[in-house]
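Chemist: Quick one, fold the following:
(2 chains)
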Amino acid sequence: MTAAPASRRIGAQGAFELRAVLRNGEQVMVTVLLPLMLLGGLARATFLTFDTAGATRIDLVTPGVLAFALMSSAFTSPAITTAFDRRNGVLRLMATTPLGPTGLLAGKLVGVLAVQLAQVVVIGGAGLVLGWRPDAAGVVAAVVAWILGTTAWGAAALLAAGRVRAEAVIALANIVLVLLAFGGVVLPASVLPAGLAHLVGWLPSGALGEALRAALIHGTWAVRPLVVLAVWAAGLGAAAARWFRWS
Amino acid sequence: MPLSPAVEVNGLVKRYGANVAVDGLDLVAAAGQVTAVLGPNGAGKTSTVEICEGLRHRDGGQVRVLGLDPVRDAAVLRPQVGVMLQDGGLPNTQRAADVLQHVSRMYADPADTAELSERLGLRSFARTTVRRLSGGERQRLALAVALVGRPRLVFLDEPSAGLDPQARRAVWDLVGELSQDGVSVVLTTHFMAEAEALADQVVIVDHGRAIASGTVAELVASGGTTTLRVEAAQPVDAAALAAALGGRFTVDPAGRTACTVSGPVDPQLVAVLTRWLADAGVQLIRLELGRRTLEDVFLDLTGRSLR
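Modeler: Numbers count the residues shown, from 1 in each chain, chains lettered A, B, ... in the order given. Below is the predicted model of the structure:
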């Protein structure tokens, strides 16, 4: 008859979401194993050549792979699970418990951030082992890009989950991730044809990649990508608030 | 001290586009009682209950749940109200026991999940994921989830849909125990037997309105007429019998040797009837008092045509 304190409710929901991801082989594949394979492949596969603009290969690749990993955990995985939760009435049921709709969203965010912490530790750790030396001066800028990127992609996940049929969300979320992975996320847009390179800089994917690379390679604040990310975060956040459906 | 109602709905209106799902519905669910909202599919039962649960916004009318507004006071109500949705609302990929444990963490002082699992027979499938549960197992888990916060009021939307007779019996027993513990229960159903077995009060809903309400006994008696079927060994003169019984009764012949008497059947009628038969030298073969069932009331009110 009495609710548990809000922090405990949201923490419990976050832990529940985290366990759901860790128990699901497909989700572990997309959020951790695939980025690790990309990291190892791009760092060591010398038959692939690309312009590193003076940086070491691993220094260039690790921030990009981190950006890709953060997108997979902020977008792909919550889009799919939330779409199924919506179809199965889980969102409505949890909304009637003391957790409530706001607590449910907060709990999902905690779950995403927990997955991302694990990603940063595992992928960052693997990068360090492979010789990655990030610029410590850029840590704050990198965290800002991380938060803005997670907000933008998390809102996009809710938008997809709230409007599109669950089965279609699986396809959509995976296709978007794979298409965008090579659009200025994992590798700089400069490896793409000029017209395309220009375009991807304005996408929340390319902007996240650029912002992380600027921060972790050069220790600088990349203003334009960060502004682009902030605009996407605000726009997608407003759209999700407007169009998300609980049932 | 008379308790204020658990749920009070006045003139509730809910529209989905041009479709009016709830059209001025009134409903009172007394505290500590089981109230069944009975109606055909599409009558507006689920919309009404979901508005009371705070899941949908109303387009008109007043709703009070435990004396509070289900939307404005949602944060106060959620810990006190347990909900079992019609579509379950259980996460497919999780194990049954984990789901129950998880929901229990939302409460400061939840029911003992082991005890609740024992009572609802969840132990045998505690480690099974929701996806692999049978319909009955899912329904029992959903009920446990509704009860784990030790609510004052529970909403059960079609609680025995898809259950086999044993599981249905188990759910009914539990609902009975809840009301003994002073928990108010509002359930929707289109099973007559469920309303008859469980409900202190029945509200019959059709086309988005409450068209009758009362106890099962009141509803069954409310038609006023009950019937007495008479079968005899010799011909029965229906007109003469009607004259002997007086104007409160009508007598419809059914063949030469049988008839049906309709009216306020009481012991006096039976005595007068058998005396008249004896005086007429007619041997009674069969005398059947037809009590109206809730189903008769329901069909009379909602119409016999299929929709």
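Chemist: residue contacts, the residue in chain B that chain A sits nearest to?
Modeler: Proximity of chain B to chain A (C-beta to the nearest C-beta) peaks at residue B:89, 2.8 Å away. Glycine gets a C-beta too; all of them are placed from N, C-alpha and C. With contacts defined as C-beta atoms under 8 Å, 6 or more residues apart in numbering or on different chains, residue B:89 is in contact with A:88, A:89, A:90, A:92, A:93, A:94, B:142, B:145.
Chemist: Go through those residues and flag which are in helices.
Modeler: Secondary structure from DSSP state H places A:90, A:92, A:93, A:94, B:142, B:145 of the contacts of residue B:89 in helices.
Chemist: Let me know the closest of those residues to residue B:50.
Modeler: Set against residue B:50, the nearest of the ones in helices among the contacts of residue B:89 by C-beta to C-beta is residue A:92 (8.1 Å).
Chemist: Make sure I have this right: the residue of chain B closest to chain A is in a strand.
Modeler: No - Residue B:89: not assigned to a strand; according to DSSP: H, G, I helix; E, B strand; the rest coil it is coil.
Chemist: Give me the pLDDT for the spatially closest residue to it that is not a sequence neighbour.
Modeler: Among residues not flanking residue B:89 along the chain, residue A:93 sits closest, at 2.8 Å (C-beta to C-beta, 6 or more residues apart in numbering or on different chains). Per-residue confidence (pLDDT) for residue A:93: 96.
Chemist: I'd assumed residue B:86 was in contact with residue A:93.
Modeler: No - contact criterion C-beta atoms under 8 Å: residue A:93 and residue B:86 do not qualify, at 10.8 Å.
Chemist: Those two: which has the busier surroundings?
Modeler: The residue with more neighbours, out of residue A:93 and residue B:86, is residue A:93; 27 against 17, by other C-beta atoms under 10 Å in any protein chain shown.
Chemist: I'd like to know which of the contacts of residue B:89 are buried.
Modeler: Applying a neighbour-count criterion of 16 or more other C-beta atoms under 10 Å in any protein chain shown, the buried members of the contacts of residue B:89 are A:88, A:89, A:90, A:92, A:93, A:94, B:142, B:145.
Chemist: circling back to that earlier point, distance to residue B:276 for the contacts of residue B:89 - can I get that in JSON lines?
Modeler: Below are the contacts of residue B:89 laid out as JSON lines (distance: C-beta to C-beta, whole Å):
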{"residue": "A:88", "distance to residue B:276": "65"}
{"residue": "A:89", "distance to residue B:276": "62"}
{"residue": "A:90", "distance to residue B:276": "67"}
{"residue": "A:92", "distance to residue B:276": "63"}
{"residue": "A:93", "distance to residue B:276": "63"}
{"residue": "A:94", "distance to residue B:276": "68"}
{"residue": "B:142", "distance to residue B:276": "58"}
{"residue": "B:145", "distance to residue B:276": "61"}
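Chemist: what's the closest of those residues to residue B:56?
Modeler: Minimum distance to residue B:56 across those is 9.6 Å, recorded for residue A:92 (C-beta to C-beta).
Chemist: residue contacts, the closest one?
Modeler: Counting by C-beta under 8 Å, 6+ apart, residue A:92 touches A:246, A:247, B:55, B:85, B:89.
Chemist: tell me the contacts of the fourth one?
Modeler: Pointing back at residue B:85 there. If a contact means C-beta under 8 Å, 6+ apart, then residue B:85 has A:89, A:92, A:93, A:96, B:142, B:157 as its contacts.
Chemist: now the third one
Modeler: When contacts are counted by C-beta under 8 Å, 6+ apart, residue B:55 touches A:92, A:95, A:96, A:246, A:247.
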